[in-house]
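[1] From the sequence below, what's the structure:
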Amino acid sequence: MNLSFYPLDLKLKHTFQIARESRDIQNNIIVLLRDTDGVVGFGEAAPTRFLGEDAKSVTRVLDQSVDLLQQADPFHLEDTTHLLKSRFPRDTAARAAIDIALYDMIGKKLKIPLYQLLGLKKPNANVTSFTIGIDTLEKMCKKVDEVKDFPILKIKAGFKEDIETLRELRKITRAVFRVDVNTGWTLHEAIKKLKLMENLGVELVEQPFPVGSIELLQKIRGAAKIPIFVDEDVKDTHDIPAFSNVVDGINIKLMKCGGIREAIRMIHTARAHNLKIMMGCNIESSVSITAASHVTPLVDHIDLDGHLLVTNDPYTGVMVDRGKLTLPVGDGLGVVARNEASLLSL
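    Alright, predicted model coming up:
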């Protein structure tokens, strides 16, 4: 297989701010895997500094992977993904890009969509949340008004006035709220704010504490009726057991775990520990968002809106109407480049 790649700088519609950072551009990398028969698989890396990756580190890994994949059989997924993980254990977004491209290629070779390759039924009108980043109250209200047709909103919290903001947002929308704190609370804040959120239509709260705060999670266990999910705390399968008795669910992201193959392992492991599952994302194009959408029949909650937050997505894939996801018709991912001829010539 021939591996090629190029940068994709996604421009955000609004400055995206969470409890620990903000950005206006997301620097991703698109991967193309071309087999000897001319079949091309698309993949994408959406790195985050929080996990120790950026566009430079992804590029370095992909450069080193060119020779590794040259003689590889695309159907030997287990061998290939194991080899990449052994060589690049911490470069999950880079590995996810190759993993996604492999699955796309295999689906195209077999002439079946990815969900069928995974042994799943076609996702049927699953609903994603839409993310409202931290901003001034006026701007957050405006953002909510822009997506008034979405039945579920993920509200970023972890700042001093987050409860007051939720109260004001509740006045202008009847949408279900999911609150993502992105490690931004102390124990005192969590106990106080979780109780207040019970009357604000909050369905769940995600990652209230810094990574590794298992004792704090144990202390709020049962203190509020709202389910608690972890995201940053759970990167791959090995992290799940430690949280089985302290939270209600986990957020799985292809970029965080290394791709579709590890995501499936995480789903089965989480089920074995009686945990609920959310399929989440970073700021991504339709390539990796569509890949994750094929897996949604296996999860409880969906947060796959990364491609909706940008203005220059060069691909078309999963479509979203009033929050409902509709997969494209096609083999593999079903993703098509808006200017496919020029991209495939790279």
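[2] show me where the stretch 151-300 of the chain has helices.
    162-170, 187-197, 214-220, 254-257, 260-272, 286-293 (DSSP state H, counting those that start in this stretch).
[3] Which other helices and strands does the helix or strand immediately after the last one in the chain contact?
    Using DSSP states H and E, the helix or strand that follows helix 286-293 towards the C-terminus is strand 301-302. With contacts defined as 3 or more Cβ pairs under 8 Å, 6 or more residues apart in numbering; DSSP states H and E, strand 301-302 has these neighbours: strand 276-279. Where you see a C-beta, it was placed from the backbone N, CA and C, and this is true even at glycine.
[4] Dump the strand it packs on to CSV, restricted to CA.
    The C-alpha atoms that make up strand 276-279 are tabulated as CSV, following Å, rounded to 0.1, in the frame of the first residue of the first chain:
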residue,chain,number,x,y,z
LYS,A,276,-22.9,3.5,29.3
ILE,A,277,-21.1,4.7,26.2
MET,A,278,-20.9,8.0,24.3
MET,A,279,-19.3,8.2,20.9
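[5] Would you give the sheet partners of it, along with the direction of each?
    strand 249-252 (parallel), strand 301-302 (parallel) (DSSP bridges).
[6] Which strands and helices lie in contact with the helix or strand hosting residue 97?
    Element membership of residue 97 [criterion: DSSP H and E] is helix 92-110. Contact here means 3+ Cβ pairs under 8 Å, 6+ apart; on that basis helix 92-110 packs against strand 22-34, strand 40-45, helix 55-70, helix 77-87, helix 114-117, helix 254-257, helix 260-272, helix 286-293.
[7] how close does the spatially most central residue of the chain get to residue 175?
    Of all residues in the chain, the one closest to the mean position by Cα atoms, centre = their mean is residue 281, 1.4 Å from it. As defined by Cβ to Cβ, to the nearest Å, residue 281 lies at a distance of 19 Å from residue 175.
[8] Over to residue 212?
    From residue 212 to residue 175 the distance is 32 Å (Cβ to Cβ).
[9] Neighbour count: the two, which is higher?
    residue 175 (22 against 12; other Cβ atoms under 10 Å).
[10] Go ahead and confirm that one touches residue 149.
    No. Applying Cβ atoms under 8 Å as the test, residue 175 and residue 149 come out as separate, 9.4 Å apart.
[11] what's around the residue lying closest to residue 74 once chain neighbours are set aside, how many residues?
    In space, residue 74 comes closest to residue 105 once its chain neighbours are excluded; the distance is 5.1 Å by Cβ to Cβ, 6 or more residues apart in numbering. The number of residues packed near residue 105 is 26, by other Cβ under 10 Å.
[12] My guess is residue 105 contacts residue 72. True?
    No. Judged on Cβ under 8 Å, residue 105 makes no contact with residue 72 at a distance of 11.0 Å.
[13] Can you work out which residues contact both of those two?
    residue 1 (Cβ atoms under 8 Å, 6 or more residues apart in numbering).
[14] which SS class is residue 19?
    coil (DSSP: H, G, I helix; E, B strand; the rest coil).
[15] picking that back up, could I get the contacting residues of the residue nearest to the centre of the chain?
    Residue 281 neighbours (Cβ under 8 Å, 6+ apart): 46, 253, 254, 255, 288, 289, 292, 303, 304, 305, 306.
[16] got it, and residue 47?
    Contacts of residue 47 (Cβ under 8 Å, 6+ apart): 27, 28, 29, 53, 54, 55, 57, 58, 93, 94, 255.
[17] Now do the SS call for it.
    Per three-state DSSP, residue 47 ends up coil.
[18] Who are the contact partners of the residue lying closest to residue 34 once chain neighbours are set aside?
    Of all residues not flanking residue 34 in the chain, residue 2 sits nearest, at 4.5 Å (Cβ to Cβ, 6+ apart). By Cβ under 8 Å, 6+ apart, the residues touching residue 2 are 33, 34, 35, 70.
[19] how many neighbours does the first one have?
    What that stands for is residue 33. 24.
[20] Just the pLDDT at it, thanks.
    Per-residue pLDDT puts residue 33 at 98.
[21] so who does it touch?
    By Cβ under 8 Å, 6+ apart, the neighbours of residue 33 are 1-3, 40-41, 43, 69, 74, 98, 101-102, 104-105.
[22] Now the buried members of those.
    Buried members of these, counted by 16 or more other Cβ atoms under 10 Å: 1, 3, 40, 41, 43, 69, 74, 98, 101, 102, 104, 105.
[23] now the second one, what's its secondary structure?
    Here residue 3 is strand, with the state taken from three-state DSSP.
[24] Then residue 7?
    Taking three-state DSSP as the rule, one finds residue 7 in the strand state.
[25] Could you tell me which residues make contact with the spatially closest residue to residue 283 that is not a sequence neighbour?
    For residue 283, ignoring the flanking residues on the chain, the nearest one in space by Cβ to Cβ, 6+ apart is residue 26 at 4.0 Å. Contact analysis of residue 26 by Cβ under 8 Å, 6+ apart lists 9, 10, 12, 16, 46, 282, 283, 284, 310.
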